[in-house]
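[1] Fold the stuff below for me.
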Amino acid sequence: MKCIICSAGFEGQGHSPEPIVVIDDSGGKVPDEHRRCCDECNWRVVLPERMKDRRAEETQVWRSRMRSLLE
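    Okay, here's the model as predicted:
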């Protein structure tokens, strides 16, 4: 398969590239081999972005709870 992020070839099933690459497959025309990223891109690009998104969500939840306590 070929990585959707860096175009390097890789073996195995690969990883979901979201949130870096969001694939709209509402028509069902994107083959599975064009929806995956390699291990390197997963570790260096995708996972850090997911962690950043998660921290932002947790911060919003924490702020909301603090506002509720202070009201």
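[2] Return the helix or strand in this structure with minimum mean pLDDT.
    helix 47-70 (a mean of 88; mean pLDDT, DSSP states H and E).
[3] buried sites along that helix?
    Along helix 47-70, not one residue counts as buried under the neighbour rule (16 or more other C-beta atoms under 10 Å). Yep, even glycine has a C-beta here, placed from its N, CA and C like the rest.
[4] quick one: contacts of it?
    Defining contact as C-beta atoms under 8 Å, 6 or more residues apart in numbering, one finds that helix 47-70 is touched by 19-20.
[5] can you give me how far that helix is from the chain middle?
    Averaging C-alpha positions (C-alpha atoms, centre = their mean, to the nearest Å) puts helix 47-70 17 Å from its chain's average.
[6] What of stretch 8-23?
    That offset, for stretch 8-23, works out to 9 Å (C-alpha atoms, centre = their mean).
[7] what's the closest non-adjacent residue to Val46?
    Among residues not flanking Val46 along the chain, Ile20 sits closest, at 5.4 Å (C-beta to C-beta, 6 or more residues apart in numbering).
[8] residues in contact with the one you found?
    Here Ile20 is in contact with 5, 37, 41, 45-46, 49 (C-beta under 8 Å, 6+ apart).
[9] top of those residues by neighbour count?
    Cys37 (25 neighbours; other C-beta atoms under 10 Å).
[10] Put the alpha carbons of the least confident helix or strand of the chain into PDB.
    In PDB, the C-alpha atoms belonging to helix 47-70 read as follows (Å, rounded to 0.1, in the frame of the first residue of the first chain):
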ATOM      1  CA  LEU A  47      -1.000  10.800  16.800                       C
ATOM      2  CA  PRO A  48       0.400  14.200  18.000                       C
ATOM      3  CA  GLU A  49      -2.500  15.900  16.300                       C
ATOM      4  CA  ARG A  50      -5.000  13.600  18.000                       C
ATOM      5  CA  MET A  51      -3.400  14.300  21.300                       C
ATOM      6  CA  LYS A  52      -3.500  18.000  20.800                       C
ATOM      7  CA  ASP A  53      -7.200  17.800  19.900                       C
ATOM      8  CA  ARG A  54      -7.900  15.600  23.000                       C
ATOM      9  CA  ARG A  55      -6.100  18.100  25.300                       C
ATOM     10  CA  ALA A  56      -8.200  21.000  23.800                       C
ATOM     11  CA  GLU A  57     -11.400  19.000  24.500                       C
ATOM     12  CA  GLU A  58     -10.300  18.200  28.100                       C
ATOM     13  CA  THR A  59      -9.500  21.900  28.700                       C
ATOM     14  CA  GLN A  60     -13.000  22.900  27.500                       C
ATOM     15  CA  VAL A  61     -14.600  20.300  29.800                       C
ATOM     16  CA  TRP A  62     -12.500  21.500  32.700                       C
ATOM     17  CA  ARG A  63     -13.400  25.200  32.100                       C
ATOM     18  CA  SER A  64     -17.100  24.300  31.800                       C
ATOM     19  CA  ARG A  65     -17.000  22.500  35.100                       C
ATOM     20  CA  MET A  66     -15.200  25.300  36.900                       C
ATOM     21  CA  ARG A  67     -17.800  27.800  35.600                       C
ATOM     22  CA  SER A  68     -20.500  25.600  37.000                       C
ATOM     23  CA  LEU A  69     -18.900  25.400  40.400                       C
ATOM     24  CA  LEU A  70     -18.400  29.200  40.500                       C
END
